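Chemist: One predicted model, sequence on top.
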Amino acid sequence: MQSIKEIQSVTALYCRLSRDDGAEGESNSIANQKRLLSKYAKDNGFTNPKFYIDDGFTGTNFNRPDFQRMMEDIDLGYIGAIIVKDMSRLGRDYIQVGYYTDIYFPEHNVRFIAVNDCVDSNDGENELAPFRNVMNEMYARDISRKVKSAHRVRGNAGEPLSPPPYGYIKSPDNPKKWIIEPEAAEVVRKIYRLCLEGYGNEQIARMLQEEKIEVPMVYWKNRGEGRSGKKTQANPYKWCKTTIGKMLALQEYTGDVINFKTYAKSFKNKKRIPNSKENIKVFHEVHEPIIDRDTWERVQELIQKKRRRKPKKVEKRSLFSDILYCADCKSRMWFDINSSNPSIRYFNCSNYRACRGTCPTTHYIRDDALEHIVLMELKRLASFLKQDKEAFADLLESKCNADTHSAEKELNKNLQQAIYRNDEITRLFAKLYEDNVNGKVTDEWFLQLSKRYEDEQTELKQRIFEYREKLNKLQTVSSSKDTFIEAIERFLEMETLTPTIVKEIIEKIEVHQAEGTGKNKTQKITIYYRFFGTLVIPTPAEVYTLETRQGVAINYLPQAG
């Protein structure tokens, strides 16, 4: 008789396939693994089956999307059993596989079964399992050696080892050859032409964005080509100056093939390391050039000339570099130093539209002005604490109670609703599975409904995690009063700003855009203290005036009430 916990637990059916497994034929295909695991789970009474599938991922690396998702579900207590086709599907690193099967799974009360290897953790330790793990790793090591050898032969023969760069595609007649893709190639020519006309990388990127030319990652995605790299870019037309720089330095555009640019230290470590010049192989005029060699070389000369001399070392950090935000668009503020006058250190909104963002104004503020304002505000806090510590503590207590009580109540309500619905879906899963076993629900209908339940449960688990995180933070706020007072008291002893004091006391600072003109020009600064947000201190605040440049002064309003 199964316990309620066992009935509610999910049975994880884990499938994995990599290109290295191709030699083993159809037996290791994802479809075959799914059939085998589904049948095993059904025949042996395992409830709530859920597939975790990593298709195209090596067994020597455990940073696989669905494997990591499965580990997260184990940590949350949702999984009661894991079933795999054989030990090699879990992985081909005998140390890591041993850790999971001997330590991690038992610690989390997860039953582990490898069907074809006759491994079941409920039967106790399997004496052959460690030997299988070693043999699986030896297989991966041998495959890696063979792949490297074939890779070396192909590379030395002049065959391109990397995917074709933006502007080229593989020839449909011969995938070992690159041919020009006219649309993308024209963009490459445009970039080189603009560079020769004197435009910088940032200017070129801005022009391409204004013309709504898709960035390479979006271009490849729309063509159905999977490429590694950043895929979360919100604006499909926002080119990066570093992308332009890489394209301007790419020798392949002259028709050359360059092999062995990077290498990996071992088959377990996939990190690519730049190769030494003598180990790089260059093959000239292998494919049709997009850029003629003379143009490419002139561009390289221009790039070298544009590189400025290394400036004198100037500290490009500020006390506020990680905590300063735009009050309007909430983007982080960028810190910079005036190149002609290094004494002027300032912040701008990183999302300013002139820098291809969406924020209409810069929210410019001088670093020295900000430091003076924050120092004044902390002195006000310290003065109030020194005059009446009890009143200061009451202020923090009232702020905490007012801000957290309603939020905590709402979060608890949402959390309970999400937990109830998650448990309800688990029960529905169990009922659906039983109906499928008894023939009341067809396999097709079972797959459709189970997918719907699975998607909803994944979203619910994420929400439950977020609600609990927020509640933990609110509970931290409730017990943080003494910590905050101690930090202010330490500031009383020094009365200067240090990175440690700033991080202990301040969570973030929001900078508003300056308003008004002439002598009436003002700018508001809002300080959010750790745990308590904005604080209204019952002492008068000074207004600080800074002459940002000759004839232009700004009155800073240090704290919003």
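Modeler: Now that the structure is in, tell me what you want to look at.
Chemist: When you work out contacts or count neighbours from here on, use the C-alpha atoms and nothing else.
Modeler: Noted.
Chemist: and Ala369, how many neighbours does it have?
Modeler: A count of neighbours around Ala369, defined by other C-alpha atoms under 10 Å, yields 20.
Chemist: Which elements pack onto the helix or strand where it lies?
Modeler: Using DSSP states H and E, Ala369 maps to helix 367-387. Judged by 3 or more C-alpha pairs under 8 Å, 6 or more residues apart in numbering; DSSP states H and E, helix 367-387 is in contact with strand 345-349, helix 389-437, helix 481-494, strand 544-549.
Chemist: most neighbours per residue, which of the ones you listed?
Modeler: Ranked by mean neighbour count, the helices and strands packed on helix 367-387 are led by strand 345-349 with a mean of 23 (mean count of other C-alpha atoms under 10 Å).
Chemist: Touching, Glu101 and Phe112? I think so.
Modeler: Not quite, residue 101 is Thr, not Glu. Yes - with contact defined as C-alpha atoms under 8 Å, Thr101 reaches Phe112; the gap is 7.1 Å.
Chemist: if we can go back for a sec, tell me which residues of the helix holding Ala369 are tucked away?
Modeler: By 16 or more other C-alpha atoms under 10 Å, the buried positions in helix 367-387 come out as 367, 369-371, 373-382, 384-385.
Chemist: what angle sits between it and helix 389-437?
Modeler: 110 degrees (axes from the mean of the first three to the mean of the last three C-alpha atoms, to 10 degrees).
Chemist: Okay, strands next: where are they in the stretch 51-200 of the chain?
Modeler: 79-84, 111-114, 119-120, 168-170, 178-180 (DSSP state E, counting those that start in this stretch).
Chemist: Extract the CA atoms of stretch 325-332 and return them as PDB.
Modeler: The C-alpha atoms that make up stretch 325-332 are tabulated as PDB, following Å, rounded to 0.1, in the frame of the first residue of the first chain:
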ATOM      1  CA  TYR A 325      19.000  53.900 -10.700                       C
ATOM      2  CA  CYS A 326      17.000  56.100 -13.000                       C
ATOM      3  CA  ALA A 327      13.800  57.200 -11.200                       C
ATOM      4  CA  ASP A 328      11.800  57.100 -14.400                       C
ATOM      5  CA  CYS A 329      12.800  54.000 -16.300                       C
ATOM      6  CA  LYS A 330      14.300  52.200 -13.300                       C
ATOM      7  CA  SER A 331      17.400  51.300 -15.400                       C
ATOM      8  CA  ARG A 332      20.900  51.200 -13.700                       C
END
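Chemist: buried ones in that stretch?
Modeler: Tyr325, Cys326, Ala327, Ser331, Arg332.
Chemist: Tell me which residues are up against that stretch.
Modeler: By C-alpha atoms under 8 Å, 6 or more residues apart in numbering, the list of residues contacting stretch 325-332 from outside reads 322-324, 333, 349-351, 359, 363, 508-513.
Chemist: helix or strand right after the helix or strand of the chain with the lowest mean pLDDT?
Modeler: The element with the least model confidence among the helices and strands of the chain, by mean pLDDT, DSSP states H and E, is helix 4-8, at a mean of 44. If you walk from helix 4-8 toward the C-terminus, the next helix or strand you reach (DSSP H and E) is strand 10-17.
Chemist: mind saving the C-alpha coords of that next one as PDB?
Modeler: The C-alpha trace of strand 10-17 is given here as PDB (Å, rounded to 0.1, in the frame of the first residue of the first chain):
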ATOM      1  CA  VAL A  10       6.400  12.600  -9.400                       C
ATOM      2  CA  THR A  11       8.200   9.800 -11.200                       C
ATOM      3  CA  ALA A  12      10.900  11.400 -13.300                       C
ATOM      4  CA  LEU A  13      11.600   9.600 -16.600                       C
ATOM      5  CA  TYR A  14      14.900  11.000 -17.700                       C
ATOM      6  CA  CYS A  15      16.100  10.700 -21.300                       C
ATOM      7  CA  ARG A  16      19.300  11.900 -22.800                       C
ATOM      8  CA  LEU A  17      20.900  11.700 -26.300                       C
END
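Chemist: mind checking how far the next helix or strand after it is from the chain centre?
Modeler: Remark: after strand 10-17, the chain's next helix or strand is helix 30-43, criterion DSSP H and E. Taking C-alpha atoms, centre = their mean, to the nearest Å, the mean C-alpha location of helix 30-43 is offset from the chain mean by 33 Å.
Chemist: Report the buried residues of helix 30-43.
Modeler: For helix 30-43, burial by neighbour count (16+ other C-alpha under 10 Å) applies to Ile30, Gln33, Lys34, Leu36, Leu37, Ser38, Tyr40, Ala41.
Chemist: And these, which is closest to Thr442?
Modeler: Ser38 (14.3 Å; C-alpha to C-alpha).
Chemist: Specify the local secondary structure of Ile204.
Modeler: helix (DSSP: H, G, I helix; E, B strand; the rest coil).
Chemist: For the closest residue in space to Glu210 that isn't next to it in sequence, which three-state class applies?
Modeler: Nearest residue to Glu210 in three dimensions, chain neighbours excluded: Tyr237, at 8.0 Å (C-alpha to C-alpha, 6 or more residues apart in numbering). At Tyr237, secondary structure determined by three-state DSSP is coil.
Chemist: what does the helix or strand hosting Leu208 rub up against?
Modeler: Applying DSSP H and E as the criterion places Leu208 in helix 201-210. The contact list for helix 201-210, computed with C-alpha under 8 Å, 6+ apart, reads Ile191, Leu194, Cys195, Tyr237, Lys238, Trp239, Cys240, Lys241, Thr242, Ile244, Gly245, Arg356.
Chemist: burial measure for the last one, as a count.
Modeler: Just to be clear, that refers to Arg356. Residues near Arg356, counting by other C-alpha under 10 Å: 16.
Chemist: ok, now the first one?
Modeler: By the measure other C-alpha under 10 Å, the count of residues near Ile191 is 22.
Chemist: Run through the residues that contact it.
Modeler: Ile204, Ile244, Leu248.
Chemist: rerun at 7 Å
Modeler: Ile204 (C-alpha atoms under 7 Å, 6 or more residues apart in numbering).
Chemist: repeat for the second one
Modeler: Leu194 makes contact with Ile204, according to C-alpha under 7 Å, 6+ apart.
Chemist: how near is it to Ile244?
Modeler: 11 Å (C-alpha to C-alpha, to the nearest Å).
Chemist: what are the phi and psi angles of the residue nearest to Ser343 when sequence neighbours are not counted?
Modeler: Spatially, and ignoring its direct neighbours in sequence, Ser343 is nearest to Ile337 (7.6 Å; C-alpha to C-alpha, 6+ apart). Phi and psi for Ile337, reported as degrees, to the nearest 10, are phi -130, psi 130.
Chemist: Asn348 is in contact with Ile337, correct?
Modeler: No - look at Ile337 against Asn348 with C-alpha atoms under 7 Å: they stay out of range, at 10.8 Å.
Chemist: Count residues in the vicinity of Ala12, would you?
Modeler: 27.
Chemist: Which residue of this protein lies farthest from its centroid?
Modeler: Gln387 (46.7 Å; C-alpha atoms, centre = their mean).
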